[in-house]
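Need a 3D model of the sequence below.
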Amino acid sequence: MKKDHPHGGHRQRMRERLKNLGASDFYEHELLEMFLYPVIPMKDTNELAHRLLDTFGSLKNVIYADWKELHKVKGMTEIAALNISLLPEIYNRINYQFELAAEKIDNFEQAKRVACAALSNKTKEEVLIICLDSANKIVRKRIISQGGLKEAYVNTRNIAEEAFRFSADKILVAHNHPSGHLEPSANDLKFTQNLALALAYLDILLIDHIIVSGNNAYSLKKAGIINSIIEEHRQKLPQKIVADITKEKDLW
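So this is what the prediction gives:
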């Protein structure tokens, strides 16, 4: 015969309270208690929540504690400790997305600042991709390759897929030259042409390819290279791309 859950009635009342009043109505130990319900189904997580807070001193300290230290607390399971250890990274990524939503790239100086912040201190070549919407707000920013264009294979298809995934209208690419030389190599120029054209056929604009060395940056857009690529193939490209690259010329 199946036994009733020893804390079932209490847990159901807590869930009803959450539905009716929202999480802001809960004390810290109650938030922690409810968070532990799915991973500790048959124990009193209220008592455990109090024990965790007493051990670490605050809800913040519980969340940022090493999972191995959490696991040492009486009543904690490994899976519960691991689940709590996910919270700081979830919190950091949410904050990062809020930061991206507020960040725009409207001109070369802004683009240079973002690229240098990401790449200036790197000792190996890395490739940064920045996806922007039609209003030039950053919707995605990440390193897509470590090893650079020369040592690592950067697939234009992967960049295009990233653009589609985040509904980007424009792409900015940057990579660093740890050697200190800012001038683009033959490989840099070939990559830029292939990427600019591949994206253009998909109605996505490559607004710049920036090379970073220390706090200095070289813009293939400012040098006229990207505009020349588009102009050379303008008869085959969507007119929107040709118009957009011309419109943004003065911003760089």
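
quick one: contacts for the nearest residue to Asn158 once chain neighbours are set aside?
Of all residues not flanking Asn158 in the chain, Ile144 sits nearest, at 6.8 Å (CB to CB, 6 or more residues apart in numbering). Backbone N, C-alpha and C define where each C-beta goes, glycine included. Ile144 sits next to Val127, Leu128, Ile129, Val154, Asn158, Ile159, Glu162 when contact means CB atoms under 8 Å, 6 or more residues apart in numbering.

Doesn't Ile144 belong to a helix?
No: looking at Ile144 with DSSP: H, G, I helix; E, B strand; the rest coil, it is strand, so not inside a helix.

Tell me the confidence at it?
Per-residue pLDDT puts Ile144 at 87.

which residues in the chain form strands?
Applying DSSP state E to the chain gives strands spanning 126-132, 138-146, 170-176, 205-213, 216-219.

Could you export those as CSV, including distance to Asp54?
Listed next are the strands of the chain as CSV, based on distance: least, CB to CB, whole Å:
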stretch, distance to Asp54
strand 126-132, 45
strand 138-146, 40
strand 170-176, 48
strand 205-213, 49
strand 216-219, 52
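
so Glu28 makes contact with Gly57?
No: applying CB atoms under 8 Å, one finds Glu28 not in contact with Gly57, separated by 11.3 Å.

Could you check which of the two has the larger neighbour count?
More neighbours surround Glu28 than the other of Glu28 and Gly57, with 14 against 11 (other CB atoms under 10 Å).

The more buried one - nearest residue in space that isn't next to it in sequence?
Counting by CB to CB, 6+ apart, Glu28 lies nearest to Leu59, which is 4.4 Å off, once chain neighbours are set aside.

how about that neighbour, what does it touch?
Glu28, Leu31, Leu32, Leu53.

Now the two most distant members of the residues you listed.
For the contacts of Leu59, the farthest-apart pair by CB to CB is Leu31 and Leu53; their separation is 10.5 Å.

pLDDT wise, what is Gln193 at?
Per-residue pLDDT puts Gln193 at 94.

mind listing what it touches?
Gln193 neighbours (CB under 8 Å, 6+ apart): Ile229.

Could you measure from Ser120 over to Asn215?
Applying CB to CB, to the nearest Å, the value for Ser120 to Asn215 is 6 Å.

who's more crowded, the two?
Ser120 (14 against 10).

Quick one: residues contacting that one.
Ser120 makes contacts with Asn176, Val212, Ser213, Gly214, Asn215, as judged by CB under 8 Å, 6+ apart.
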